[in-house]
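Engineer: Based on what follows, work out the 3D shape:
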Amino acid sequence: MERFVGRQDVGMTRRFAPATFRLAVRRSLSGRGLFADERIPKGSCVIEYLGRPATAKQIKENRGKYLFWTSEKSMIDGNIPANTARFINHSCVPNCEIDIRMRRVYVFALRKIEPGEELTYDYGQEYFEMHLAGSCRCAKCFKP
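Structural biologist: Residues are numbered from 1 along each chain as shown. Modelled structure (predicted):
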C-alpha cells in the first residue's frame, strides 16, 4: 500500500538475498504473526515479501491489505500461500524495515532479533489510515 523504501544506514552495503532463518507463524496481538525461531543479526535480509503482479483494477483501487507498491507504477499482491512475509505485523517501534530493489520487496532486521520475538515493520501512514482506522494493536500502543 505505502510507497515506501526503507532507510539504509550510511556506508552499509546490503545483501538483497534472504538468509535461511527459521521463522514460524503463531498467534500475536494482531491475529497471526511471524516469529523468529533463532537469533537474527542486525542488518540481515530476513525474508522477501513475495507476490504476483497486481491487476489493473487492484492498482486503481489500491485497497487490498496485501498489496505492495514496488515502483511508482507497479504493485504486487502478496496474498499468496508462498508469501510467509505477509504475516509480519505493523509496529510503531519495529524491529524490521522494508527495502525495495528492482521491484522486489525485502525485509531487513533493524536490530538484533531474539528467538521468540515477533517480526514487525512500520506499514506507513497510508496503510494505517485505510486499514487500521487509527487503532494500532502493536505492543507499544495496545493496552488490553
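
Engineer: would you list every one of the helices in the protein?
Structural biologist: 56-61, 125-127 (DSSP state H).

Engineer: In a markdown table, list the ones you listed along with mean pLDDT and distance to residue 16.
Structural biologist: Yep, even glycine has a C-beta here, placed from its N, CA and C like the rest. Formatted as a markdown table, the helices of the chain follow (pLDDT from 0 to 100; distance: least, C-beta to C-beta, whole Å):
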| stretch | mean pLDDT | distance to residue 16 |
| --- | --- | --- |
| helix 56-61 | 89 | 24 |
| helix 125-127 | 79 | 23 |
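
Engineer: Throw those into TSV and include distance to residue 85 and mean neighbour count, thanks.
Structural biologist: Converted to TSV, those look like this (distance: least, C-beta to C-beta, whole Å; neighbours: other C-beta atoms under 10 Å):
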stretch	distance to residue 85	mean neighbour count
helix 56-61	18	11
helix 125-127	15	14
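
Engineer: Can you tell me which of those is nearest to residue 38?
Structural biologist: Closest to residue 38 of those, according to C-beta to C-beta: helix 125-127, at 28.6 Å.

Engineer: so where's the protein shaky on pLDDT?
Structural biologist: Counting by pLDDT under 70, the chain contains low-confidence ranges at 1-12, 134, 143-144.

Engineer: residues touching the residue nearest to residue 91 when sequence neighbours are not counted, list them.
Structural biologist: Excluding its sequence neighbours, the residue lying closest to residue 91 (C-beta to C-beta, 6 or more residues apart in numbering) is residue 120, at 3.4 Å. The contact partners of residue 120, by C-beta atoms under 8 Å, 6 or more residues apart in numbering, come to 33, 88-91, 93-96, 138.

Engineer: List only buried entries from the residues you listed.
Structural biologist: Buried members of the contacts of residue 120, scored by 16 or more other C-beta atoms under 10 Å, are 33, 88-91, 94-96, 138.

Engineer: Kindly reformat the residues you listed as JSON lines and extend each row with distance to residue 57.
Structural biologist: Listed next are the buried ones among the contacts of residue 120 as JSON lines, based on distance: C-beta to C-beta, whole Å:
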{"residue": "33", "distance to residue 57": "29"}
{"residue": "88", "distance to residue 57": "26"}
{"residue": "89", "distance to residue 57": "27"}
{"residue": "90", "distance to residue 57": "25"}
{"residue": "91", "distance to residue 57": "31"}
{"residue": "94", "distance to residue 57": "31"}
{"residue": "95", "distance to residue 57": "34"}
{"residue": "96", "distance to residue 57": "30"}
{"residue": "138", "distance to residue 57": "31"}
